[in-house]
Structure formats: C-alpha cells, structure tokens
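Novice: Please work out how this folds:
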Amino acid sequence: QVQVVESGGGSVQVGGSLRLSCTISGRTFTMPIMGWFRQAPGKERLFVAAISADGSNSNYADSVKGRFIMSRDNANNTAVLHMNSLQPEDTAVYYCATRGLATALETSPNKYYYWGQGTQVTVSS
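Specialist: Numbering: from 1, shown residues only. Okay, here's the model as predicted:
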C-alpha cells in the first residue's frame, strides 16, 4: 500500500510564493517519477510538473515554467514544489502523484497510479 500526503498549501497574495511538500510512504524503494497536478473548481485536473528518480530530469507545464521548481529528497521520499510569482490563475487544489515503477515523465493524470488527497492553494489580488 502506497500513501501519498501533500502539505504546504494556503493563501497568498499575487506575486507571493508557496512551498508544497509531498511525502510517499508504504514502500521501501524510491518511486521513479513524482508529479504535481492541479484542479480548479469545475475544471479538469492538469499537469504541473514531474521529476525523475534522481532529480536530473524534470518537466513543467508551459503555464508554470520559470515560476515553479520541483525538487526531491529521496532519502526522505519527499518531493517539493516551489511556487513563485503566484497569480490568481494558479488557484486550485494541488495533488501529488506517483507512477509506481514506471519511468517516463508523463503529463497525463491517467498515467499516475497513486494520489494524495490534495492541498488548496489560493492566490488573491
């Protein structure tokens, strides 16, 4: 059984920053791919970022490139999403997910098998 737990959401003003954390437990090996997605009310769940097992490769949605940075700490089975220059359109529930043993940096949520419960991010002007 794999558990995925996000933390760090909250409210921030336009231009501010937030740091989201994701911790995976329940398995003894490192999940190769960890990803972040977000879902605004009434909208579909969208890809935000993904990172490879050793952290050397990452992929970002165009909407967050240059503003968000994803990193990971394999010793603690944790991934972090640093969000800077936040805008109202970044408001959403943010979900962390992993693909199990698969190794491609997929952007479709259908390719991810284990999900957290989500954490709310609200950006106000």
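Novice: For the chain, which segments count as helices?
Specialist: With DSSP state H, there are no helices along the chain.
Novice: Show me the residue at the heart of this protein, geometrically.
Specialist: Geometric centre of the chain, nearest residue: Trp36, 2.2 Å, by Cα atoms, centre = their mean.
Novice: isn't that one right next to Leu46, touching?
Specialist: No. Using Cβ atoms under 8 Å, Trp36 is not in contact with Leu46; the gap is 10.0 Å. All C-beta atoms are positioned from the backbone trio N, CA, C, and that covers glycine.
Novice: ok so, going back, who's in contact with the nearest residue to the residue nearest to the centre of the chain once chain neighbours are set aside?
Specialist: Of all residues not flanking Trp36 in the chain, Val48 sits nearest, at 4.2 Å (Cβ to Cβ, 6 or more residues apart in numbering). Applying Cβ atoms under 8 Å, 6 or more residues apart in numbering, we find Val48 in contact with 35-38, 60-61, 64, 68, 81, 94.
Novice: Next, give me the two most distant ones among those residues.
Specialist: Farthest pair in the contacts of Val48 (Cβ to Cβ) is Tyr60 and Tyr94. Separation: 13.9 Å.
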